[in-house]
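K.L.:
please work out how this folds:
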Amino acid sequence: TSEDHKYQLEKKLDSYYPNLSEYEGYKSFRLLKPLKDNVYKVMFGFESRTAFEDFKKSSVFRENFSKEAVRALAGVTSTHSSYLERYFYPITEEEIANQQQNDEQ
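P.N.:
Predicted coordinates:
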């Protein structure tokens, strides 16, 4: 049932205490639990998009947070699995200049 899957997901996420300080640019980790429904949000804070993209290539991300890792927790009652990423990060003057140089090439 969906309640069983919710319980399994919460157990997995509650028992996971990431030590992400080894990743360059890591700033924060948040697990947001719903008051109702079954939508959980895991939020990572990194100082740059590059630092976040590097983290997404790590075994820690693949084993705990990738779509494949959480697929078993989605449950058979799900008719689809929506997945949306939006990343907001500070842009430095150097990054703007680099992007402009790349655009000109």
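
K.L.:
show me what counts as buried in the host helix or strand of Val42.
P.N.:
For Val42, the host element (DSSP states H and E) is strand 41-46. Burial within strand 41-46, assessed by neighbour count using 16 or more other CB atoms under 10 Å, is assigned to Phe44, Phe46. C-beta here means a position set from N, CA and C on the backbone, and glycine is covered the same way.

K.L.:
direction included, what does it pair up with?
P.N.:
strand 26-32 (antiparallel) (DSSP bridges).

K.L.:
okay, now the unreliable bits of this protein?
P.N.:
Counting by pLDDT under 70, the ranges of the chain that qualify are 1-2, 5, 13, 16-18, 38, 72-91.

K.L.:
show me what secondary structure element comes after the strand holding Val42.
P.N.:
Immediately after strand 41-46, counting by DSSP H and E, sits helix 49-56.

K.L.:
okay, buried residues for that following helix please.
P.N.:
Residues of helix 49-56 classed as buried by neighbour count (16+ other CB under 10 Å): Ala51, Phe52, Phe55.

K.L.:
residues contacting that helix, please?
P.N.:
Residues from elsewhere that reach helix 49-56, judged by CB atoms under 8 Å, 6 or more residues apart in numbering: Leu20, Tyr23, Glu24, Gly25, Tyr26, Phe44, Phe46, Phe61, Tyr87, Tyr89.

K.L.:
try 6 Å
P.N.:
Tyr23, Glu24, Gly25, Phe46, Phe61, Tyr89 (CB atoms under 6 Å, 6 or more residues apart in numbering).

K.L.:
can you give me the neighbour number for the third one?
P.N.:
Translated: Gly25. By the criterion of other CB atoms under 10 Å, Gly25 has 16 neighbours.

K.L.:
now it. Nearest residue, chain neighbours left out?
P.N.:
Ala51 (2.7 Å; CB to CB, 6 or more residues apart in numbering).
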